[in-house]
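Undergrad: just need the structure, nothing else, for what follows:
(one chain, ligands or ions: 1)
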Amino acid sequence: MKTLRVIQLCGQTVEVIEASEDECAELIGKDGVTIDTEGKVYIKAGLRADRHLDTYVHELLHVMFNLTGIGGALQGFLLMNDKRFAKVEEGIIRLLAPALITTFRAAGLMSEAA
Ligand SMILES: [Zn+2]
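TA: Below you'll find the predicted structure:
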């Protein structure tokens, strides 16, 4: 396991960790996972650079949904239970992550390499 970053967001500390499936069982069958209760994001070790970036942005969006309260507010607005809302959140983030990367690159806020 390797800590990639420690991020402060909304007064919370989030550690971004690169790990293998052996080191983090939650990564089995996934490229990344966010464990809100631990303040940790795990990204599978050995991903290609573009997939690593996609996963990194995707997982940070989950963190932002949680820590900013966007997720809770939206869930309350939609009157959904946790299981149903998790699917909505995942769908939104799957659309948003590549759009953010494309937009930020086009705006010159993110290089092609990152
Ligand atoms: Zn996700």
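Undergrad: what strand or helix carries Gly29?
TA: No secondary structure element spans Gly29, as it lies outside all helices and strands (assigned by DSSP states H and E).
Undergrad: count of neighbours near it?
TA: Using other C-beta atoms under 10 Å, Gly29 is surrounded by 7 other residues. (Each C-beta comes from the backbone N, C-alpha and C, glycine too.)
Undergrad: any idea how far Asn66 is from Gln12?
TA: Distance, Asn66 to Gln12, using C-beta to C-beta, to the nearest Å: 9 Å.
Undergrad: those two: which has the busier surroundings?
TA: More crowded of Asn66 and Gln12, by other C-beta under 10 Å: Asn66, with 20 against 12.
Undergrad: secondary structure class for the more buried one?
TA: In terms of secondary structure, Asn66 is helix; the call rests on DSSP: H, G, I helix; E, B strand; the rest coil.
Undergrad: mind checking pLDDT for the closest residue to it other than its chain neighbours?
TA: The shortest distance from Asn66 to any residue that is not its chain neighbour, by C-beta to C-beta, 6 or more residues apart in numbering, is 5.0 Å, and that residue is Asp36. Here, the pLDDT recorded for Asp36 equals 91.
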